[in-house]
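**Q** What shape does this take:
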Amino acid sequence: MMKLMDFFRLIRYKNLLIIILTMYAIRYGIIYPFLQRASISMQFDELHFLLLVIATVCIAAAGYAINDYFDIRSDIANHPESVLVGTKISRRSALTINNVLNLIGVVLGFYVSAYIHLTKFGLLFILVSATLWFYSSYFKKLLLWGNIVVAAFSALIPLIPVLFEIPLLNKIIILQHIPVQSKIVSVIFFFALGYSYFAFLLTLIREIIKDMEDMQGDSELGRRTLPLVIGIQKSKYVIYAITLIVILSIAFIYIIFFQDLVSLIYLALLVVAPLVFIIYRLYKASGQKEFFAISKQLKIVMFFGLAFVVVLCFILLG
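**A** Sure, this is the predicted structure:
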């Protein structure tokens, strides 16, 4: 019989907590403070936002379940100690979990979309669900496509709270004829898009590092991951280049939008310096355990990048 903890491990509960944290961080670290400065209240109520979060989490959890369903052979080769499907959870149970979670996510997605009078937004949940299925069954075999799909999903998470707030926000602005405050919608979207941009790049880096870690199993399955196609060393060069883009982008955004000491110290010590250290460790790394450790460290950097919304909120409301 499947244990509850095995179920939570299957759906990657830690990653789901990050998704929840991200959506609430965008809501209260970007949307709320910008609207407060413009003397406008949030229009998307707490109950429906919670349902939106649950819908997103269900789709993501379903994606993790189906990924393990298709990845049994690869996981046995790469991480035999952590294999769940086929050992502690039957393949049929994993497939059922995927179907049930997808159904809940899509139904809630359509309901919340109908609430903001944009039912077509519900198609987004079907699209993501289908894409995550094809990612596990097909895209992972193609050069870079699997990495790009995962990075794109990560990039979508910060945008979802804004996409569902803006329609109601536009409606109230138009009804009240607030020409100056209407610009706030563009500003909110721009800042959320910034988080989406960094989520995409950092997730892409992490996915390539994970491919370095999983080369043995991927090779046995005939997958065309970047490290298998161009080699470890050239893959490292790709990561160096993307990381440089990330660091330069952080510097650009700081110079254009912030220029305060608190942001400088935070970004330098908790984001940029750790990224430089990760690159140094990657330069020295050659084994599976080293790549695994670097992947975990990058996840911590991504968390501190998200937590920068606290500083942003302080700047806006302070």
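**Q** what about the stretch 51-200 of the chain, any weak spots by pLDDT?
**A** The model of the stretch 51-200 of the chain has pLDDT under 70 over residues 75, 77-78, 173-182.
**Q** again, 80 this time
**A** Within the stretch 51-200 of the chain, the ranges that satisfy pLDDT under 80 run 71-83, 86, 171-183.
**Q** quick one, helices of it?
**A** Ranges of helices within the stretch 51-200 of the chain are 72-78, 91-115, 122-137, 145-156, 160-176, 183-213, based on DSSP state H, counting those that start in this stretch.
**Q** wait, doesn't Gly63 sit right on Ser136?
**A** Yes - contact criterion Cβ atoms under 8 Å: Gly63 and Ser136 qualify, at 7.4 Å. C-beta coordinates here come from the backbone N, C-alpha and C atoms, glycine included.
**Q** So for the two, which residue has more residues nearby?
**A** Shown here are Gly63 and Ser136; by other Cβ atoms under 10 Å, Gly63 has more neighbours (26 against 21).
**Q** Enumerate every residue touching the closest residue to the more buried one other than its chain neighbours.
**A** Using Cβ to Cβ, 6 or more residues apart in numbering and skipping residues adjacent in sequence, the residue nearest Gly63 is Leu132, 3.4 Å away. Counting by Cβ atoms under 8 Å, 6 or more residues apart in numbering, Leu132 touches 59-60, 62-63, 66-67, 149, 153.
**Q** try it again with 10 Å
**A** Contacts for Leu132 (Cβ atoms under 10 Å, 6 or more residues apart in numbering) come out as 59-60, 62-67, 98, 102, 139, 149-150, 153.
**Q** do Phe34 as well
**A** Applying Cβ under 10 Å, 6+ apart, the residues near Phe34 are 40, 181, 184-185, 187-188, 191, 312-313, 316-317.
**Q** got the contact list for the residue nearest the centre of the chain?
**A** Nearest to the mean C-alpha position of the chain, counting by Cα atoms, centre = their mean, stands Ser154 at 2.3 Å. Residues in contact with Ser154 (Cβ under 10 Å, 6+ apart) are 15, 18-19, 22, 60, 196, 198-204, 206-207, 302.
**Q** ok so, going back, how close does the residue nearest to Gly63 sit to Arg12?
**A** 12 Å (Cβ to Cβ, to the nearest Å).
**Q** Now the common contact residues for Gly63 and Ser136.
**A** Shared contacts of Gly63 and Ser136, defined by Cβ under 10 Å, 6+ apart, comprise 98, 149.
**Q** Burial check on the residue nearest to Leu201 when sequence neighbours are not counted, number of neighbours?
**A** Leaving aside its sequence neighbours, Leu201 sits nearest to Val246 (Cβ to Cβ, 6+ apart; 5.2 Å). For Val246, the count of nearby residues is 21 (other Cβ under 10 Å).
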